[in-house]
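[1] Show me how the following folds:
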Amino acid sequence: MYMLRKGLFLVLFLAFMACEKTSTSPEKTLLGEWAYVGTFDSRQSYDCFLCEGFEPSATLYSINFLAETNYSGRVNLLLVRGEYMLSDIKITEKGFTAGFENINMEILNKPYETEADSKVKTLLENANKVEIKTKSTDQSRDILILSSDDFEFLVFARK
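    Okay, the predicted model is just below:
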């Protein structure tokens, strides 16, 4: 009888563990280093943001979301850091969307800045929305989109 109860308990425990889902909060999903893929225009249609041949190590721009709502990044030779806050988080089938507030972004150095660098820096400073699309059949990596009320948006992929 003791072995039967022990066996039944083990089966129930394993069934419970199999049913338990491990969900990750959007804040934790955002954490980590993201490599710049490109700047896109919402008025155009794209087959993929992250097409074959993308090499994260070759990118000039990156952003690293750290714990405690801090981030650091690189815009070519510019080093940036700041704080961010998420609001109005909406979980989607393949990730999440949220309001994004870029707080206290500062440039840590003053190297030569190209026109492309200035554009990426400005889009990052003005971003007020974030969207994450997790790996799916049409994308080989997680995708991060930072946008504002303008037509252009930044796309990053997890390194």
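
[2] Where do the helices of this structure begin and end?
    Residue ranges of the helices in the chain, as given by DSSP state H, are 2-19, 26-30, 115-126.

[3] And those, which one averages the lowest pLDDT?
    For the helices of the chain, the bottom mean pLDDT is recorded on helix 2-19, which sits at a mean of 43.

[4] Endpoints of stretch 45-54, how far apart?
    Counting by Cα to Cα, to the nearest Å, you get 19 Å between the two ends of stretch 45-54.

[5] tell me the contacts of the closest residue to Tyr112 other than its chain neighbours?
    Residue nearest to Tyr112 in three dimensions, not counting chain neighbours: Leu77, with 6.9 Å by Cβ to Cβ, 6 or more residues apart in numbering. Where C-beta positions appear, they are placed from N, C-alpha and C, glycine not excepted. By Cβ atoms under 8 Å, 6 or more residues apart in numbering, the residues touching Leu77 are 109, 111-113, 117.

[6] Please identify, among those, the one with the most neighbours.
    Note: the member of the contacts of Leu77 with the most neighbours is Asp117, at 17 neighbours, neighbours being other Cβ atoms under 10 Å.

[7] Need the nearest residue in space to that residue, chain neighbours excluded.
    Excluding the flanking residues, the one nearest Asp117 by Cβ to Cβ, 6+ apart is Asn76, at 4.7 Å.

[8] likewise Ile91?
    Counting by Cβ to Cβ, 6+ apart, Ile91 lies nearest to Pro26, which is 7.1 Å off, once chain neighbours are set aside.

[9] circling back: and the residue nearest to Tyr112, how far from Gly99?
    Going from Leu77 to Gly99 by Cβ to Cβ, to the nearest Å gives 30 Å.

[10] quick one: least confident helix or strand in the chain?
    Every helix and strand of the chain was ranked by mean pLDDT, DSSP states H and E. The lowest is helix 2-19, at a mean of 43.

[11] sorry, back to before: now the residue nearest to Ile91: how far from Val37?
    As judged by Cβ to Cβ, Pro26 and Val37 stand 20 Å apart.

[12] Compare those two (neighbour count), which wins?
    Legend: neighbour count by other Cβ under 10 Å for Pro26 and Val37, higher for Val37 (22 against 17).

[13] I'd say that one and Phe49 touch.
    Yes - counting by Cβ atoms under 8 Å, Phe49 is a contact partner of Val37 at 5.8 Å.
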